[in-house]
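[1] When you get a sec, could you give me coordinates for this:
(one chain, ligands or ions: 1)
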Amino acid sequence: MHNKTIAELAAGLRDKEFSSRELTTHFLARIGQYNPALNCFITVTEELALQQAEAADARIAAGKAGPLTGVPIVQKDIFCTKGVRTSCGSKMLDNFIAPYDATVVERLGRAGTVMLGKANMDEFAMGSSNETSFYGIVRNPWDTNAVPGGSSGGSAAAIAARLTPGATGTDTGGSIRQPAAFCGITGLKPTYGLVSRYGMIAFASSLDQGGPMARSAEDCALLLQEMAGFDEKDSTSVKRTVPDYRAGLNERLAGLRIGLPEEFFDEALDSEIARTIEAAIAEYEKLGAEVKKISLANMRLSVPVYYVVAPAECSSNLARYDGVRFGYRCQNPKDVHDLFMRSRGEGFGAEVKRRILIGTYVLSAGYYDAYYLQAQKIRRLISEDFKQAFEQVDVILGPTAPSVAFGFGEKTSDPIAMYLSDIYTIGVNLAGLPAMSIPVGFSSNRPVGMQLIGNYFKEAQLLNIAHRYQQVTDWHRRVPANFM
Ligand code: GLN
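    Below is the predicted model:
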C-alpha cells in the first residue's frame, strides 16, 4: 500500500479496495517502525489521524468524497495546527499549542485528508540540512549518513521512506526543492501569493511560500489543487482563479522552449550531476522540446542578496518571541529586561541567533543604505533577468543543488558553504517565481534533483513538463533499499 502514489491511493479509496482507517493504520505502523532511525517527525498525531480517517470513511460511504478524501499526509511543523504542538523546530515553541489552523491545514483538512503528524524541520526553517532542529537531525533514507536537505527535510525524508505519500513544505530560499532533490522526491514551490501564508510561521515574509511535496508531479498537482487560492487572511494572497492542475498534465511538449542558464552549469556544479541533468535534457528533446542557452547575469548575486533580505525580515518577524505572550519563558527572571534576554537567549538556537544579528545589523541606521537598500535594488535586477529570459523561453531548466546530499557536520562549521548549497534555488524566491525539483538519477548512490523554473502562475505548465518526464522515466518510483 505504501508504494502507491496519492493518485493511486485516492482511486483505491474510492473503489473501496481499502478504507482510510486501514491505510492510516498501515502508515502509522510504518512510522512506528522506521521513524526512530530517521527522526522525520516532531509529533505523530495518531489519535487525531484515526478520528479523521473514520470521518473520511463515513464521507466516502455517503458518496460525498473529494479527490483526496481519506488520503494520509504530513504537515511541516511550521504550519499551525489547532490543538496540536506547532514547534517550528525550535525550543522557543516547544510548548506552543496552536489555537487555530493555518489556511493550508484547514483546506487540506476540508478536502478530507488525514494528518499523520508534524514533520521535523530546521529551526524556524533556517537551514539546508535539517541539522538545526531542536528535535535533532533527520536522516536521509537513501543513506542514513547523509543529510536529507532542509529546511523541509522531515517532509522529504518521510515521503522517500514511504512513511507518508505526501506532505507540505515551505520554501524561502530552496527549502522545498533542495530536500526534494536530496531525498529523490518531487516538490513544488508555487508563485509567491498562490498559497496562503496565514498560520504559516513567518521567517522572511516576502520570500516564504508553502507548497506540496510528494513522489510524483501528478501527486503534487492533487495537493496543490487543495492548497492554492485566494485567502483574505493573507494580505499578499493573489486573487485569481485556480486552474485544474491535473487536467493539464498530459499536454504534449512539442515545441516547448527550454532555457539552460549558463550560470547554472558553472564550475560549482558537480560533474556527475551535470551529466545526469544532460541525460534528462536529452529525454525532453525526444519529447519534442527545443533547448536554448540563456543567461541570468545577476544570478551569482542571489545568495549575498538573500542573506541580507532574509535575515532582515527574520529579525523583525522573530521579535515577537519575547517570553511574554507565548512560547518559551526563562526561569525566575530578575526583571523584564532579563526576561526578554534570557528567554530569547535560551529559546533560540545558534543559526537563528546568527540571522537575527545579521538582520538587525543590516537594518540599523548606519548600514541600511549600504546593505538592505542595495540588496533590494539587486533583487529587482535578478527579477528582471528572469523576465527577459521568459521572453525567449517557456521554462528554465537546471540542477536543483550543486551537490548531492552531503554528510552530517560537513558544512555546519562553515555557514557560507552551507548557504551556497542554495545557489540555484534562491533567485527564484527573490523573484517570486514558481519552480519544481524532480528526481532524475543518482550520483554516488544519492539522488540527483533537476529544477524546472516557470513564469509567474505557470504551475500547471511546470507540472505538465515534470509529469511528461515521469511518464517516460522511473526515477520517481525508486525506493530506498531499507524502506521497501
Ligand atoms: N537554506 C536557506 C536558508 O537557510 C533556505 C531556507 C528555506 O527555504 N526556508 O535560509
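
[2] Pull the contacting residues for residue 262.
    By CB atoms under 8 Å, 6 or more residues apart in numbering, residue 262 lies in contact with 293, 294, 295. For every residue, glycine as well, the C-beta is placed using N, CA and C.

[3] Can I get these in TSV including distance to the ligand?
    Formatted as TSV, the contacts of residue 262 follow (distance: CB to the nearest ligand atom, whole Å):
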residue	distance to the ligand
293	28
294	24
295	24
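
[4] now the helices: where do they sit in the stretch 351-484 of the chain?
    374-392, 415-419, 426-431, 459-472 (DSSP state H, counting those that start in this stretch).

[5] for the second one, packing partners?
    Just to be clear, that refers to helix 415-419. Applying 3 or more CB pairs under 8 Å, 6 or more residues apart in numbering; DSSP states H and E, we find helix 415-419 packed against no helix or strand.

[6] what about 10 Å?
    helix 302-317, helix 350-363 (3 or more CB pairs under 10 Å, 6 or more residues apart in numbering; DSSP states H and E).

[7] Mind listing what's buried along the longest one?
    Of the residues in helix 302-317, 302-303, 305-317 count as buried by neighbour count, 16 or more other CB atoms under 10 Å.

[8] Tell me the one of those residues nearest residue 197?
    Ranked by distance to residue 197 (CB to CB), the buried residues of helix 302-317 are led by residue 317 at 11.2 Å.

[9] Can you read off the pLDDT for that closest one?
    Model confidence at residue 317, given as pLDDT, is 98.

[10] Leaving out chain neighbours, which residue sits closest to it?
    residue 202 (4.3 Å; CB to CB, 6 or more residues apart in numbering).

[11] mind checking how far residue 390 is from residue 294?
    Distance, residue 390 to residue 294, using CB to CB, to the nearest Å: 10 Å.

[12] which residues are common contacts for these two?
    257, 259, 396 (CB atoms under 10 Å, 6 or more residues apart in numbering).

[13] Mark which of those are buried, thanks.
    Buried among those by 16+ other CB under 10 Å: 259, 396.

[14] tell me how far the lowest-mean-pLDDT helix or strand in the chain is from the chain's mean position?
    Within the chain, no helix or strand scores below helix 415-419, which has a mean of 90 by mean pLDDT, DSSP states H and E. Put simply, helix 415-419 sits 19 Å off its chain's centre (CA atoms, centre = their mean, to the nearest Å).

[15] Pull out the buried positions in it.
    Those would be 415, 418, 419, for helix 415-419 by 16+ other CB under 10 Å.

[16] Distance to residue 328 for these - can I get that in JSON lines?
    Shown next, in JSON lines, are these (distance: CB to CB, whole Å):
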{"residue": "415", "distance to residue 328": "24"}
{"residue": "418", "distance to residue 328": "25"}
{"residue": "419", "distance to residue 328": "27"}
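
[17] ok, which residues in the stretch 251-400 of the chain are in contact with the ligand?
    Residues of the stretch 251-400 of the chain lying near the ligand by CB under 6 Å from any ligand atom: residue 310.

[18] residues near the closest residue to residue 291 other than its chain neighbours, how many?
    Nearest residue to residue 291 in three dimensions, chain neighbours excluded: residue 258, at 5.0 Å (CB to CB, 6+ apart). By other CB atoms under 10 Å, the residues close to residue 258 number 20.

[19] would residue 258 count as being in a helix?
    No - the assignment for residue 258 (DSSP: H, G, I helix; E, B strand; the rest coil) gives strand, which keeps it out of a helix.

[20] ranges for the strands of this structure?
    41-44, 72-76, 114-119, 166-170, 186-189, 210-214, 257-261, 290-294, 395-399, 435-443, 446-454 (DSSP state E).

[21] okay, the ones you listed, which one's buried deepest?
    Most buried of the strands of the chain, by mean neighbour count (mean count of other CB atoms under 10 Å): strand 186-189, with a mean of 33.

[22] does any part of that strand sit near the ligand?
    No - Strand 186-189 lies out of reach of the ligand by CB under 6 Å from any ligand atom, never closer than 8.5 Å.

[23] Going forward, the N-terminal residue is numbered 263.
    Will do, 263 is the new start, and the previous item becomes strand 448-451.

[24] by contact count, what packs against that strand?
    By 3+ CB pairs under 10 Å, 6+ apart, strand 448-451 packs against helix 415-422, strand 428-432, helix 439-445, strand 472-476, helix 479-489, strand 697-705, strand 708-716, helix 721-734.

[25] returning to that earlier point: turn the helices and strands packed on helix 677-681 into JSON lines, including distance to residue 470.
    Converted to JSON lines, those look like this (distance: least, CB to CB, whole Å):
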{"stretch": "helix 564-579", "distance to residue 470": "9"}
{"stretch": "helix 612-625", "distance to residue 470": "14"}
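
[26] right, and those - which one's nearest residue 692?
    helix 564-579 (5.9 Å).

[27] tell me what that closest one is packed against?
    helix 612-625, helix 636-654, helix 677-681, helix 688-693.

[28] Check the ones you listed for me and report the most buried one.
    Among these, ranked by average contacts under mean count of other CB under 10 Å, first place goes to helix 688-693 (a mean of 27).

[29] Can I get that helix in PDB, CA atoms only?
    The C-alpha trace of helix 688-693 is given here as PDB (Å, rounded to 0.1, in the frame of the first residue of the first chain):
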ATOM      1  CA  ILE A 688      17.400  31.300  -4.100                       C
ATOM      2  CA  GLY A 689      17.000  33.500  -7.100                       C
ATOM      3  CA  VAL A 690      13.600  32.000  -7.700                       C
ATOM      4  CA  ASN A 691      12.400  33.200  -4.300                       C
ATOM      5  CA  LEU A 692      13.800  36.700  -4.800                       C
ATOM      6  CA  ALA A 693      11.800  36.900  -8.000                       C
END
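
[30] which ones are touching the residue in the stretch 513-662 of the chain that the ligand sits nearest to?
    Of all residues in the stretch 513-662 of the chain, residue 572 sits closest to the ligand, at 5.5 Å by CB to the nearest ligand atom. Counting by CB under 10 Å, 6+ apart, residue 572 touches 387-388, 434-435, 465-466, 468-470, 617, 620-621, 637, 688, 691-692.

[31] what does the stretch 263-412 of the chain have sitting close to the ligand?
    387, 388, 389, 390.

[32] roughly how far apart are the residue nearest to the second one when sequence neighbours are not counted and residue 399?
    Take residue 388 and drop its neighbours on the chain: the residue closest to it by CB to CB, 6+ apart is residue 613, 5.1 Å away. When distance is defined by CB to CB, residue 613 is 13 Å away from residue 399.
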